[in-house]
Every structure is written in structure tokens, then in C-alpha cells.
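# below are the sequence and a predicted model; questions follow.
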Amino acid sequence: MAEAHQAVAFSFAVTHEGVAVDFDREVLKLIFNSGVRSWKKRIARLKNGISNGVFPGSITGLMVIDSAFVGAYIHGYDPSFGLVDKIASQLAGNTKEGKLIAASAVGFGCWATVIISARQLLKLLFHYKGWMYEERGAGRKVSLPTKLWLLGLKIFSGYRRPMLYSFQGSLPHLPLPSIDETLTRYLRSVRPLMDDDEYHRMERLAREFRNGIAKKLQRYLILKRMWSTNYVSDWWEEYVYLRGRSPIMVNSNFYGIDAILRHPSSIQATRAANIVYSAMMFRRSLERQEIQPIMVQNIVPLCSSQYERIFNTTRIPGLETDKIVHLPDSTHIAVFCNGKFWKVTLYHKGRLMKPAELEIVFQKILDDTSAPEKGEEKLAALTAGERTTWARARQQFFSKGMNKISLDAIEKAAFFLSFDDEDYNYDPKDHSKLDHYGRVFLHGKGYDRWFDKSFTICIGKNGKIGFNAEHSWADAAVVAHLWEFVLSEDVIVLGYKSDGHCIGIPEFDPPSASKLRWELPDECIQVIEKSNKVAQALLNDVDLRLYVHDGYGKGLMKKFRVSPDAYIQMALQLAYYRDAGKFNLTYEASMTRLFKEGLEQN
């Protein structure tokens, strides 16, 4: 493997004839190229950080204003009303050079003042939420406050094309409601679900809470809000997701499927090559911040902080709580195929391999006829079972030696890729095929997905695809953005030849994937089997029915001036009421991404 080559790239020995030096030029070249790539990314991050830090201004604007101040002063005009002379008198004895430096400093100060003021005004404008309650549809009338708010946003957002993180410094912090506001909203939300006696009891409990521990808890929240960017998000991640000890498969992880009416290629290796390449193009766009932030109504930006952990991210099990580990970079992916794990390096000689080259690598993996090592086939079941069991096994069997090296290759991968051994199809006359399609990507066989990775791309034998994503690191909307990009890039940009293979000709013979090696003792295999039994019991308890509704869509709902989300929620509650004869508690996500580091919370 590459790590082994790098370990012996340079060596020396002392003999009776002197010092003997041995080194591998090719490996040293690879190391050098890796270092150059790393520094290029650091410089790009620094450049993007400066650009985001001065948004809605720009460095070009600074140069223009600074040049204008200096030029005006040279020609005998002082736009600073004497401030330049006062500063120059403190510099270099009031010389000509000192005056020019002072004029430049004043120009910089004016520019910085304008930018800081614009960012603060943007933050104040983003606090306004009245636009949410404006009428929608034809003939609507926008209120005067909202019109003034829109005008302010247009003025202070500037005319630059925003980068992914351009608005991060201007997003407001999540507000903390008072105790009375919290209780009023809670009672209002539960009133439709309770009869009079239950509601009066809830009112009494709310009063007891207000007069009791509420004030102490509110002080804790005030302190938390003062010291953190978002007083909810880190606790939500920790206590809702990472401290859970039950399996994350089905209970937490979510899935997405292919465009069901489109089948661009039935060649498994080919589709995998295009999809992997498209995903890496999305990662490149993220690193360069070429992707614009998602804008509500094309006006208000959503927080983009969750995009940082899409790639190179893994959930690591712990005895009491898990943790999320994110790496700044990764040049390989981990692959599961026919019960075996592989490491596929995506870069060769400093560039990302093209789809036609990746296709060769993946086809070699699919053609490999070697048998899995003892216990290897169901190894990933550890990520599907109880978290504490997996944490103990990780400490005991994967903390050193060959197992640690192989586990690192998986956990430090950009993402995980799984080649499935069956076809996936959609037949409008047979709903069971679509139901099975969804189940496969929700849980698979229980041991053919690495459920701890930020996301796993799954490739069916007939080229149909889907994904399974771990939930703690981000909301589903972020992964949906990635998936939408991948599916469109796959067909619109990359495309396929008439025979179904990747477009393009390989420019070199790509290096083969490295098979991961394992030394799994019988005790470890027993733990794997135990986790697999838990996973099988869980996935066999899943009852999934996917329904394709084509009678009407969101267009009709909006004609009635009803939010499509609210429409679906009411439909679900009505269906439950007709079935059970009563209403029940309902999960409804509340999006706080209008605020810095916000999430979707229930």
C-alpha cells in the first residue's frame, strides 16, 4: 500500500564502507506532490477566508478607495478634513512619504468602517422575520415594512456574487425566548391535541414550572447563549444523536434513491465512476466555495456551516457518547464489494482521476474472485448494532496493528462506496419493487454499508444508485443538495457513450485498488455476529411502503395559498385521525438555519 511505500521511501545505514543512503525517487515525488496540493488548498482557504471576511465589500473595492484617497491628496485635495495631516505628523516627521502612508491609512479606515457597518446592518436586517407572514400568490400585497426591508437587503448585500460562507459573519444568533413566551407557545401548540381537562392540567403544570425551576434553567440558557455561537446546536448534536446507544441504522440514518424514471447506464463500474467523480467535483466546489449559499425566496441566506463536514467525516463510537471526526482532506475512498474492503486512491500524479480511469479501477474490484478474509464479510455489522458493543470491539480489536491500519483507511476516507449484488428497479405496476428499492438504501443487508461514514453511495448491479447517510453531522437538506448535484452532473455534464461506458479515453493505466487486510480473532467474529443479529432483527421489523403520488403537486397547494409542508402535515394527521379516531403527537421539524450554526430541530 501507499503508506508502506512512504514508510521506506528514505533510509540509510552505517557500514564499514561509510553511510549508505537509499531512497525511492517516485515515492518522494508523490510525497512532494501531496505537500504541494496541501499548501495550495491552505492558500485557497486563506484567500476565501479574506474574501468572506470583507463581504459585501471586496479587496478590489479597498484598492479603489485607497487609491482615490491617495490620488486626491497628491492633487491637493484632502477628503479627510485634516485627518491625514494629523496622522502624518506622528509618522516620519511629517514627510511626503508619511503623508502618503497616512492618506492610505485613512482610505483603509473609511473602507473598513463602511464594510463593518454594512455587515452589522445586514445582521439587523436578517433579524426581521415579517416577510414569512406576507401573503403569497397572484394579487398579493407586500407590506411597507417588508418593502423597506427588501430595499435594505439589496443595498447592503452588495452586488458581488456571494460565496458559500459569505453571509456567515452576518447571520444573527439564535434568539432566546423568555419563560413566558416559551410556555405560551407550548400551550398553544398542545391545545388542539387535548380535551379541556387535559389542557387545564397542562396549564397548572406550566404555572408550577414557571414558579419553580424555570428561572434557574433560563439563567443557564442565558449563560450558554453568551458563550456559544448557538445555544442549542451542540447540545442537540450531543444529546439527541451522539449519546444514543441504540443502533443508528434505521433509527437515525436516512437514505435517498436514484431518479426512478431515468437509467443512463446499466454498467455497474461505469455508473460508479461517474457518480464518484461527480461527488468529488462537488467537494472541489465546496473547497473553492464556488457553490452559493441556499437563499430562501432568493433573498435570505441559510447557514452553510454544515457543508464543512459532508466529506472526510466519520462518527466514532464511544462507551458513553460518540464523537464526530472530520479531516481537512482525504485523497481516497473506501469500497465494499463481494464481502471485501478496498482502498481506492482517487488522485494520480497530482490530479483527480477521470471517470474513464476510475471505471477501470472499479471494474478490477468487481472482477476480483478472491475470497473474503475470515469475518470480513459482515464486519460492517458492527456499525449497525449497539453503539457500546461497537465501541468496546473497536478498542479491543482495532486499536493497533493491521486492523487499525485498515480501519483508518475506512474512517479517513472521503466517503464510502458499496457495490451491491442485486438489481434495483421501479415498476409502476408493482409497488413492491420500489418498496424494496427504499429498504435497500435504508439498511441494506445490515452489513454492506459503513453506517458511521458521513454518507455511503450504493451502486446496484444494474447501475441504479442510492445513498445512506449518517444523521448527526448535518440535516438531510445538506445531503440532498449534494445528491441533486451528483445526479445532474452525472447525466447533464459527464454523460455516457452509446454503449453505456464513460465518455473519454484513459490517459494512463490507473493504479489498482489496495485490498484491506484484517486479522479478526474468533472473539471478534463473535462480537460481529452479535451485532449482525441485532441489525437483522431491526431491519426485519421495518415496514416500508413508498407511494408515488402523481395526481397533483405543490403547484395546486400553492394556488390555495397553503404551504406544501403544512398541507402534507395536515394530511398525515387527518389520515391518522381517520384510522385511529384521535389525534396524536406529531413530529414536525423546525428549521433554525436562518441563524448562525442552526439546524433542523423538532
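In hand now; what should we look at?
# low-confidence ranges, this protein, go.
The chain contains residues with pLDDT under 70 at 1-41, 88, 90-95, 136-138, 158, 601-602.
# where is the longest helix in it?
The residue-count maximum for a helix in the chain (DSSP state H) belongs to helix 96-127.
# that one: which residues count as buried?
98-107, 110-111, 115, 118-119, 122-123, 125-126 (16 or more other Cβ atoms under 10 Å). In this view, the C-beta of every residue, glycine as well, is placed from N, C-alpha and C.
# enumerate every residue touching residue 206.
Going by Cβ atoms under 8 Å, 6 or more residues apart in numbering, residue 206 touches 183, 186, 187.
# for the closest residue to the last one other than its chain neighbours, give its distance to residue 405.
Read that as residue 187. Distances taken as Cβ to Cβ, 6 or more residues apart in numbering put residue 206 closest to residue 187, at 6.1 Å, once the chain neighbours are dropped. Here the criterion is Cβ to Cβ, to the nearest Å. By it, residue 206 lies 56 Å from residue 405.
# tell me where the stretch 51-200 of the chain has helices.
With DSSP state H, counting those that start in this stretch as the criterion, the stretch 51-200 of the chain has helices at 59-74, 83-88, 96-127, 144-156, 179-190, 196-211.
# go through these and name the closest to residue 349.
helix 59-74 (33.4 Å; Cβ to Cβ).
# in the closest one, which residues are buried?
Result for helix 59-74 [16+ other Cβ under 10 Å]: buried residues 61, 62, 65, 66, 69, 70, 72, 73.
# what's the answer for stretch 246-262, then?
Quick answer for stretch 246-262 (16+ other Cβ under 10 Å): 247, 248, 249, 250, 252, 253, 254, 255, 256, 257, 258, 260.
# hang on, residue 78 packs against residue 86?
No. In this structure residue 78 lies outside contact range of residue 86 using Cβ atoms under 8 Å: 10.8 Å.
# measure stretch 282-302 end to end?
19 Å (Cα to Cα, to the nearest Å).
# endpoint to endpoint, stretch 171-181 covers what distance?
Terminal residues of stretch 171-181 are spaced 23 Å apart (Cα to Cα).
# contacts for it next, please.
Contacts of stretch 171-181 (Cβ under 8 Å, 6+ apart): 123, 126-127, 185, 210, 214-215, 218, 221-222, 225, 229-232, 301, 303, 592, 594-596, 598.
# on that earlier part again, residue 78 and residue 86: which has the busier surroundings?
residue 78 (15 against 12; other Cβ atoms under 10 Å).
# what backbone torsions are found at residue 422?
phi -140, psi 160 (degrees, to the nearest 10).
# just say helix, strand or coil for the residue nearest to it when sequence neighbours are not counted.
Excluding the flanking residues, the one nearest residue 422 by Cβ to Cβ, 6+ apart is residue 461, at 5.6 Å. Classification of residue 461 using DSSP: H, G, I helix; E, B strand; the rest coil returns coil.
# residue 425 is in contact with residue 461, correct?
No. Using Cβ under 8 Å as the test, residue 461 is too far from residue 425 to be in contact (10.7 Å).
# who's in contact with residue 457?
272, 275, 276, 279, 415, 416, 417, 418, 465, 466, 467.
# and residue 314, how close does it get to residue 322?
Residue 314 is 10 Å from residue 322, by Cβ to Cβ.
# mind listing what's buried along stretch 152-166?
Neighbour-count burial for stretch 152-166 [16+ other Cβ under 10 Å]: 153, 156, 157, 158, 162, 163, 164, 165, 166.
# is it true that the first one touches residue 299?
When you say that, I think you mean residue 153. Yes. At 6.2 Å, residue 153 and residue 299 qualify as touching, with contact defined as Cβ under 8 Å.
# ok so, going back, wait, which of the buried residues of stretch 152-166 is closest to residue 557?
Closest to residue 557, out of all of the buried residues of stretch 152-166 and judged by Cβ to Cβ, is residue 153, at 27.4 Å.
# excluding covalently adjacent residues, which one is nearest to that closest one?
residue 125 (5.6 Å).
# list the contacts for the one you found?
Counted by Cβ under 8 Å, 6+ apart, residue 125 has contacts 149, 152, 153, 156.
# for residue 540, see how far away the closest residue to the first one other than its chain neighbours is.
Nearest non-adjacent residue to residue 149, counting by Cβ to Cβ, 6+ apart: residue 128, 5.1 Å away. Remark: distance between residue 128 and residue 540 (Cβ to Cβ) = 51 Å.
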